[in-house]
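# predicted model and sequence below, questions to follow.
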There are 2 protein chains.
Amino acid sequence: MRHALALAERAAAEGEVPVGAVIVRDGAILGEGANSPRRLSDPTAHAEMLAIRAAAERIGGDRLQDCELWVTLEPCAMCAGAIALARIARVYYGAPDPKGGGVEHGARVFAQPTCHHRPEVYAGIGEAEAGALLREFFQARR
Amino acid sequence: MRHALALAERAAAEGEVPVGAVIVRDGAILGEGANSPRRLSDPTAHAEMLAIRAAAERIGGDRLQDCELWVTLEPCAMCAGAIALARIARVYYGAPDPKGGGVEHGARVFAQPTCHHRPEVYAGIGEAEAGALLREFFQARR
């Protein structure tokens, strides 16, 4: 999560909402992402999506079965859907996102009967740091 | 939808679940996609995602406000989330997807209070052709 928080800081430095994500397997980083929809002109370029795509490209397949995702903010519905499609085994996330989250809020993607893969989910990992980064970012923009 | 169906056929020819998608603005195609998660080693490479990313890259921004998405199958939760993030104005889709859909089934992404943008949605456009393509594909693999 330390590395994901550093990626979130990198996103903030680029003027993007500070969220960072890392895909890990057997203790090794397979993919990482810093939230970049504006910089990349890509509405799908959330940190989780970039990390998932990088890891899948690296392993040469579309399934990340034995992988963990570490992300500083609760994934949105898009990212939760991608996590299920990629068959990620475990998700560790930092701050909850009552306004945009899709795991414990809103669409609750993994709780739907139509969800074909449910990762183990651990919330609140590094929540204080992740939340502070987001608050600072939005306060500076008000 | 004719063009989206042709893209779905192209996906099937590549051994991918036959789904195709097109982003249109003012009658012009801005982006298109044929479902390709296996070919691209990318679990996020659904037809809609590829079309959205292509259109956003083309217009040089992460918002597709005045755009329509035409897709042969009901979008899943991931794609519905991306549609909301991209601020797509209207979604036209073919076959419903009771097992994997995220619009009228499962996560019902656009119906959530946390969804920040709700496109107009028109279902059942080209449903017969889109459904036939999917049935043929899965029957051939049984």
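That came through fine.
# what residue is smack in the middle of chain A?
In chain A, the C-alpha nearest the mean C-alpha coordinate belongs to A:Glu48, at 3.5 Å (Cα atoms, centre = their mean).
# how about that one: what's its closest non-neighbour residue?
A:Cys79 (4.0 Å; Cβ to Cβ, 6 or more residues apart in numbering or on different chains). Heads up, the C-betas are built off the backbone N, CA and C, glycines and all.
# element containing the one you found?
If you go by DSSP states H and E, A:Cys79 is part of helix A:77-85.
# give me the angle between that helix and helix B:77-85.
Angle of helix A:77-85 versus helix B:77-85, following axes from the mean of the first three to the mean of the last three Cα atoms, to 10 degrees, is 160 degrees.
# quick one: mean pLDDT for helix A:77-85?
Mean pLDDT, computed over helix A:77-85, is 98.
# as CSV, could you dump the C-alpha coordinates of it?
What follows is helix A:77-85, C-alpha atoms only, in CSV (Å, rounded to 0.1, in the frame of the first residue of the first chain):
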residue,chain,number,x,y,z
ALA,A,77,-18.4,0.2,-10.4
MET,A,78,-16.2,0.2,-13.5
CYS,A,79,-13.1,-0.9,-11.6
ALA,A,80,-15.0,-3.4,-9.5
GLY,A,81,-16.4,-4.9,-12.7
ALA,A,82,-12.9,-5.1,-14.1
ILE,A,83,-11.6,-6.8,-10.9
ALA,A,84,-14.3,-9.5,-11.2
LEU,A,85,-13.6,-10.0,-14.9
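# if you count contacts, what does that helix end up packed against?
helix A:47-59, helix B:77-85 (3 or more Cβ pairs under 8 Å, 6 or more residues apart in numbering or on different chains; DSSP states H and E).
# and the ones you listed as TSV, adding distance to A:Gly102?
As requested, the helices and strands packed on helix A:77-85 are exported to TSV (distance: least, Cβ to Cβ, whole Å):
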stretch	distance to A:Gly102
helix A:47-59	11
helix B:77-85	7
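# count of residues packed around the spatially closest residue to A:Gly101 that is not a sequence neighbour?
Sequence neighbours aside, A:Glu74 is the residue nearest to A:Gly101 in space, at 3.6 Å (criterion: Cβ to Cβ, 6+ apart). By other Cβ atoms under 10 Å in any protein chain shown, the residues close to A:Glu74 number 28.
# quick one: A:Glu74 from chain B, how far?
Distance, A:Glu74 to chain B, by Cβ to the nearest Cβ, to the nearest Å: 11 Å.
# wait, doesn't that residue sit right on A:Val91?
No: the pair A:Glu74 and A:Val91 fails to qualify as a contact (Cβ atoms under 8 Å) at a distance of 9.4 Å.
# find residues that contact each of those two.
A:Val103 (Cβ atoms under 8 Å, 6 or more residues apart in numbering or on different chains).
# now A:Gly102: how far from A:Cys79?
In this structure, A:Gly102 and A:Cys79 are 7 Å apart, going by Cβ to Cβ, to the nearest Å.
# quick one: which of these two has more around it?
Counted by other Cβ under 10 Å, A:Gly102 and A:Cys79 do not tie: A:Cys79 has more neighbours, with 33 against 29.
# and that one, what does it touch?
A:His46, A:Glu48, A:Met49, A:Val71, A:Gly102, B:Met78, B:Gly81.
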